[in-house]
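S.K.: Everything below, folded, please.
(one chain, ligands or ions: 2)
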Amino acid sequence: MRYLTAGESHNKGLIAIIEGIPAGLDIDVNKINNVLRLRQGGYGRGNRMKIEKDKVNIYSGVRGGYTTGAPIGLVIENKDWYNYREIYNDDDKMKYCTPRPGHADLVGMYKYNLSDCRDVLERASARETAIRVAVGAISEQLLEKFNITIVSYVYSIGTISSAIKSNVPKDLVYNSPVYCPFDNHEEMVKEIDKAKEEKDSLGGKVYTEVRNLPMGLGSYSQWDKKLDCRLTSQVMSIPSVKGVEFGIGFKGSKLKGSQYHDEIFLDENKKIYRITNNAGGIEGGMSNGQHICFTTAIKPIPTVLKGLRTYNVETYKETVTDYQRSDTTVVPAASVVVSSVTAIEIARVFLEKFGGDSLNDVKNNFKNYVRRVERQKDYEN
Ligand SMILES: Cc1cc2nc3c(=O)[nH]c(=O)nc-3n(C[C@H](O)[C@H](O)[C@H](O)COP(=O)(O)O)c2cc1C
Ligand SMILES: C=C(O[C@@H]1CC(C(=O)O)=C[C@@H](OP(=O)(O)O)[C@H]1O)C(=O)O
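M.R.: Ligands and ions are numbered 1, 2, ... in the order given. So this is what the prediction gives:
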């Protein structure tokens with residue numbers, strides 16, 4: 001399975017083409033739109049989200065509610081296009097001259113030999129993540145057929161951390177205005193209000209779990225087949241993500257081997273189990289049958305309304321960034337995007353291992369493999 005996206009923030013809309021989803025998967029469009037709504041929400045979003053009402057249009061690859069095996073074409077319209085339609089191509093009216101530190105503005109202009117940050121920021125904008133979330137929602141619907149689920153939530157915003165770190169049901173996670181496990185979201189709301197008042201922005205962390213993945217997805221045999229490498233590359237591709245830690249992550253570097261490693265036990269039926277998951281469910285680049293869990297660090301967004309020092313690309317004079325409409329924090333929205341891109345990569349790895357042209361073929365391949373892995377001991381006898 002592969003996919004590509006196109007589209008800019010204030011142009012007509014966003015597009016994706018997905019290839020490789022097996023035929024026979026029933027697609028629930030409401031479920032896709034529900035995740036799109038979640039991505040738009042979360043406390044700390046700016047006024048743009050009052051304009052957009054993201055809904056996916058499926059242009060191809062689905063008939064009568066089922067995938068046909070043909071490429072799936074997806075479109076999400078930008079409602080804000082209507083407001084910009086007469087000036088979008090007008091260099092003078094749309095020009096943005098003060099590259100924001102932390103955004104793609106400055107380097108993008110030099111790299112592509114452009115003279116207007118607008119030509120960079122339109123595509124660099126995280127507006128693109130809307131269509132990736134739609135791709136993720138389809139991937140998730142495939143994985144659900146195999147009882148594989150993914151959950152992400154806000155672990156921290158600024159200096160405020162959530163206490164809970166696992167076993168949070170998905171519906172509860174999304175019930176909170178900041179998509180966090182309810183214990184201290186009021187403090188997070190206050191932290192966001194304060195940053196907004198100060199015309200500043202905030203980052204944070206997102207925690208993610210992939211549940212019920214069988215052991216053996218990914219591989220140790222080549223660098224680019226390792227599951228942790230593949231997941232990290234998807235997650236790092238989200239604008240504003242600055243780091244990914246599996247399991248206990250960097251903290252593990254301070255432990256001894258005897259403290260860190262997840263020891264292996266057998267129950268009375270000779271079934272393997274562990275009592276810790278410090279590695280985050282991946283050993284040797286492969287899922288080990290435990291939940292895969294990782295934490296993602298998100299930087300404070302670059303549009304800092306009080307202004308950051310920069311220069312004007314027309315006058316070559318030092319100045320501060322121009323006021324731009326902006327979010328205050330995107331950690332809640334990013335938690336939805338992290339979950340979506342995780343679903344995409346897990347679906348890709350899953351289909352590489354169990355792939356077939358129809359959902360039934362995939363189910364048979366999956367069943368055979370799981371039966372073998374679970375009954376390894378019987379086979380050996
Ligand atoms: C959902 C979402 C919304 C975002 N909204 C804004 C925003 O309103 N203003 C802004 O400056 N950056 C925003 N960002 C972050 C920028 O897109 C990002 O920092 C920029 O593209 C540079 O990429 P990098 O942070 O990965 O280096 C947002 C990110 C996400 C995931
Ligand atoms: C449009 C979305 O996010 C946008 C991402 C973004 C950026 O610079 O990344 C800047 C803002 O856009 P605008 O300048 O139009 O207010 C965000 O609203 C979205 O998430 O759908």
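S.K.: Tell me the spacing between the most centrally placed residue in the chain and Gln141.
M.R.: The chain has Val338 as the residue nearest its centroid, 2.2 Å off, counting by Cα atoms, centre = their mean. Counting by Cβ to Cβ, to the nearest Å, the separation of Val338 from Gln141 is 18 Å. Yep, even glycine has a C-beta here, placed from its N, CA and C like the rest.
S.K.: For the lengthiest helix in the chain, name the packing helices and strands.
M.R.: Counting residues, the longest helix found in the chain (DSSP state H) is helix 331-354. Judged by 3 or more Cβ pairs under 8 Å, 6 or more residues apart in numbering; DSSP states H and E, the packing partners of helix 331-354 are helix 29-40, helix 129-144, strand 149-157, strand 204-211, helix 227-236, strand 292-298, helix 359-374.
S.K.: among these, which is nearest ligand 2?
M.R.: Closest of these to ligand 2 is helix 129-144, at 5.0 Å (criterion: Cβ to the nearest ligand atom).
S.K.: Give me the angle between the closest one and strand 204-211.
M.R.: Following axes from the mean of the first three to the mean of the last three Cα atoms, to 10 degrees, one obtains 20 degrees for the angle between helix 129-144 and strand 204-211.
S.K.: what about helix 129-144, near ligand 2?
M.R.: Yes: if you take Cβ under 6 Å from any ligand atom as the test, helix 129-144 does meet ligand 2, through Ala130.
S.K.: In that helix, which residues are buried?
M.R.: Neighbour-count burial for helix 129-144 flags 129-143 (criterion: 16 or more other Cβ atoms under 10 Å).
S.K.: Distance from it to the middle of the chain?
M.R.: Its chain's C-alpha centre and that of helix 129-144 lie 10 Å apart, by Cα atoms, centre = their mean, to the nearest Å.
S.K.: Could you pull up the mean pLDDT of it?
M.R.: Mean per-residue pLDDT for helix 129-144: 98.
S.K.: Residues of the stretch 1-150 of the chain that sit close to ligand 2?
M.R.: Within the stretch 1-150 of the chain, the positions adjacent to ligand 2 are Ser9, Gly46, Arg48, Glu52, Ser125, Ala126, Arg127, Ala130 by Cβ under 6 Å from any ligand atom.
S.K.: now with 5 Å?
M.R.: Where the stretch 1-150 of the chain comes near ligand 2, counting by Cβ under 5 Å from any ligand atom, the residues are Arg48, Ser125, Ala126, Arg127.
S.K.: likewise the stretch 201-350 of the chain?
M.R.: Within the stretch 201-350 of the chain, the positions near ligand 2 by Cβ under 5 Å from any ligand atom are Arg325.
S.K.: and the residue of the stretch 201-350 of the chain found nearest ligand 2, how many neighbours does it have?
M.R.: Closest residue of the stretch 201-350 of the chain to ligand 2, Cβ to the nearest ligand atom: Arg325 (4.2 Å). Residues near Arg325, counting by other Cβ atoms under 10 Å, number 10.
S.K.: Tell me if I'm right that it and Arg45 touch.
M.R.: No: counting by Cβ atoms under 8 Å, Arg325 stays clear of Arg45, with 11.1 Å between them.
S.K.: In contact with His185, which residues?
M.R.: Contacts for His185 (Cβ atoms under 8 Å, 6 or more residues apart in numbering) come out as Tyr43, Val154, Ser162, Ser176, Pro177, Val178.
S.K.: Verify the contact between the fifth one and Gly44 for me.
M.R.: No: counting by Cβ under 8 Å, Gly44 is not a contact partner of Pro177; they are 9.0 Å apart.
S.K.: which residues do these two both contact?
M.R.: Between them, Pro177 and Gly44 share these contacting residues under Cβ under 8 Å, 6+ apart: Pro332.
S.K.: Specify which residue of these two has the higher count of neighbours.
M.R.: Neighbour count, other Cβ under 10 Å: between Pro177 and Gly44, Gly44 has more, with 26 against 16.
S.K.: show me what contacts the more buried one?
M.R.: Gly44 is in contact with Ile157, Val178, Ile192, Ala195, Lys196, Leu202, Asp327, Thr328, Thr329, Val330, Val331, Pro332, counting by Cβ under 8 Å, 6+ apart.
S.K.: Least confident of these?
M.R.: The lowest pLDDT within these belongs to Val178, with 83.
S.K.: Need phi/psi at that one.
M.R.: Note on Val178: its backbone torsions stand at phi -110, psi 20 [degrees, to the nearest 10].
S.K.: That one: neighbour count?
M.R.: Here the number of neighbours of Val178 (other Cβ under 10 Å) works out to 28.
S.K.: For it, which residues are in contact?
M.R.: Counting by Cβ under 8 Å, 6+ apart, Val178 touches Gly42, Tyr43, Gly44, Val154, Ile157, His185, Met188, Val189, Ile192, Val331, Pro332.
S.K.: Using ChimeraX, make a named selection holding only the buried ones among those.
M.R.: Those of those that count as buried under 16+ other Cβ under 10 Å are selected in ChimeraX with:
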select :42,43,44,154,157,185,188,189,192,331,332
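S.K.: Make a markdown table from the contacts of Val178 and add distance to ligand 1 to it.
M.R.: Formatted as a markdown table, the contacts of Val178 follow (distance: Cβ to the nearest ligand atom, whole Å):
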| residue | distance to ligand 1 |
| --- | --- |
| Gly42 | 9 |
| Tyr43 | 13 |
| Gly44 | 10 |
| Val154 | 13 |
| Ile157 | 14 |
| His185 | 18 |
| Met188 | 17 |
| Val189 | 18 |
| Ile192 | 13 |
| Val331 | 9 |
| Pro332 | 9 |
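S.K.: surely Ala329 meets Ile301?
M.R.: Small correction: residue 329 is Thr, not Ala. Yes: the pair Thr329 / Ile301 is scored as a contact, 7.2 Å apart, by Cβ under 8 Å.
S.K.: Between those two, point out the one with more neighbours.
M.R.: Ranked by neighbour count (other Cβ under 10 Å), Thr329 and Ile301 place Thr329 first, with 30 against 25.
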